[in-house]
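Peer 1: only geometry, no sequence info:
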């Protein structure tokens, strides 16, 4: 389950980088890119919760980070719909997502970590 979660979050990261680059260039991203980013994140979270339910208690940090990343993502979307681009929200979302992804990759690739 962790490998499936890591693969889903890898695709989430790729879509997120693409979204971020579009924002930096002040271009509108593809309409399907945001649903892909969110969809793979949700699917990865489901796989991670299944792994947690199967007894992998190391993932509690990842669950907390995932909730924080999702909260900042929702705040970003809410602000963006109102016409605001708040850089600290983007930075918090990105930094927490990097910590989450590195932690998940470490737990997946190094089981005794």
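Peer 2: Looks like it arrived, so ask away. The shown structure was predicted, so the numbers you read here are calculated from the model rather than taken from an experiment.
Peer 1: which stretches in the chain count as helices?
Peer 2: 2-24, 33-53, 60-81, 87-109 (DSSP state H).
Peer 1: so can I have JSON lines of the ones you listed showing mean neighbour count and mean pLDDT?
Peer 2: Where C-beta positions appear, they are placed from N, C-alpha and C, glycine not excepted. Formatted as JSON lines, these follow (neighbours: other Cβ atoms under 10 Å; pLDDT from 0 to 100):
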{"stretch": "helix 2-24", "mean neighbour count": "17", "mean pLDDT": "93"}
{"stretch": "helix 33-53", "mean neighbour count": "17", "mean pLDDT": "95"}
{"stretch": "helix 60-81", "mean neighbour count": "16", "mean pLDDT": "93"}
{"stretch": "helix 87-109", "mean neighbour count": "16", "mean pLDDT": "94"}
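Peer 1: please name the nearest non-neighbouring residue to residue 65.
Peer 2: Among residues not flanking residue 65 along the chain, residue 100 sits closest, at 4.0 Å (Cβ to Cβ, 6 or more residues apart in numbering).
Peer 1: that neighbour and residue 67 touch, don't they?
Peer 2: No - when contacts are counted by Cβ atoms under 8 Å, residue 100 is not listed as touching residue 67 (9.9 Å).
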